[in-house]
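Trainee: Following is a predicted model, sequence given first.
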Amino acid sequence: GAVVSQHPSWVICKSGTSVKIECRSLDFQATTMFWYRQFPKQSLMLMATSNEGSKATYEQGVEKDKFLINHASLTLSTLTVTSAHPEDSSFYICSARGTGWTDTQYFGPGTRLTVL
Amino acid sequence: ILNVEQSPQSLHVQEGDSTNFTCSFPSSNFYALHWYRWETAKSPEALFVMTLNGDEKKKGRISATLNTKEGYSYLYIKGSQPEDSATYLCAFNQAGTALIFGKGTTLSVSS
């Protein structure tokens, strides 16, 4: 099956620093990539959708200047949490998909971010 | 606000038991229903994508059914094994929209 990697798997940083998370589709070209966030005992919540070469589309309530998304190639998308604060501590997970809306989304293993 | 409900939240069964979970979703403008299995520290694994009312999918001991008119899907596991222990997520989307996930059902199978 299709494989999506995500790095790092966990990161601890100081408040005010920026953190970059990478999401790569290893064996297929991902037209669209998605970034989700999950708080404890909650469902995966979509943060943004990115199409290769285009600006990301952010969900309501997600600050685009705080969560910078770049999807420069068909195999790589990055999420940068800028000036992280403790309330940004969460589980971030990406997924990648081909061209159709019924196409399976393949997920990375996620990144646990802790901001001190 | 579109919402996906999964029940039960968690359950514990003995090895060999069969079990099933429910996923409820809005029936209007339905496009697709997805089931995933998510083991701790791993990536969610896609199980099924279903699009048509009455769809039934099967993968080994796991099967799923879909009723788009009433807005529910069932996931069945026959003869549960310890390796089936995981959180099972369902997600649905309308045409041209991203997946909306439920909170999942966490299954624990004891040997």
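Mentor: Structure received. Numbering: from 1, shown residues only, chains lettered A, B, ... in the order given.

Trainee: all helices for chain A, in order.
Mentor: Using DSSP state H, no helices are assigned anywhere in chain A.

Trainee: what's the worst-scoring helix or strand of it on mean pLDDT packed up against?
Mentor: For chain A, the helix or strand with the lowest mean confidence is strand A:67-73, at a mean of 91 (criterion: mean pLDDT, DSSP states H and E). Strand A:67-73 sits against strand A:32-38, strand A:45-51, strand A:76-81, with contacts defined as 3 or more Cβ pairs under 8 Å, 6 or more residues apart in numbering or on different chains; DSSP states H and E. For the C-beta atoms, the positions are set from N, CA and C on the backbone; glycine is no exception.

Trainee: looking at the ones you listed, which is closest to residue B:26?
Mentor: Counting by Cβ to Cβ, residue B:26 lies closest to strand A:45-51 out of these; the figure is 16.0 Å.

Trainee: ok, residue A:48 - contacts?
Mentor: For residue A:48, the residues meeting the contact criterion (Cβ atoms under 8 Å, 6 or more residues apart in numbering or on different chains) are A:34-35, A:56-59, A:62, A:64, A:67, A:69.

Trainee: let's go with 6 Å and repeat that
Mentor: With contacts defined as Cβ atoms under 6 Å, 6 or more residues apart in numbering or on different chains, residue A:48 is in contact with A:35, A:56, A:58, A:69.

Trainee: From chain B, how far off is the first one?
Mentor: Pointing back at residue A:35 there. Residue A:35 sits 10 Å away from chain B when distances are taken as Cβ to the nearest Cβ, to the nearest Å.

Trainee: Measure how buried that residue is and give me the count.
Mentor: One way to gauge burial is a neighbour count; for residue A:35, by other Cβ atoms under 10 Å in any protein chain shown, it gives 27.

Trainee: Quick one: mean pLDDT over stretch A:76-90.
Mentor: For stretch A:76-90, the per-residue pLDDT values average out at 96.

Trainee: Around chain A, pick out the residues from chain B.
Mentor: For chain B, the contact set with chain A under Cβ under 6 Å from any Cβ of the partner chain comprises B:32, B:42-44, B:46, B:49, B:51, B:98, B:101-103.

Trainee: need the residues of chain A near chain B, please.
Mentor: The interface of chain A toward chain B, taken as Cβ under 6 Å from any Cβ, is made up of A:43-44, A:46, A:49, A:102, A:104, A:107-109.

Trainee: So of those residues, which two are at opposite extremes in space?
Mentor: The largest separation in the residues of chain A next to chain B, counting by Cβ to Cβ, is between A:102 and A:109 at 23.9 Å.

Trainee: ok, of the residues of chain B next to chain A, which come out buried?
Mentor: B:32, B:43-44, B:46, B:49, B:98, B:101-103 (16 or more other Cβ atoms under 10 Å in any protein chain shown).

Trainee: Pipe the residues you listed into CSV and attach secondary structure per row.
Mentor: Conversion of those to CSV gives the following (DSSP: H, G, I helix; E, B strand; the rest coil):
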residue, secondary structure
B:32, strand
B:43, coil
B:44, coil
B:46, strand
B:49, strand
B:98, coil
B:101, strand
B:102, coil
B:103, coil
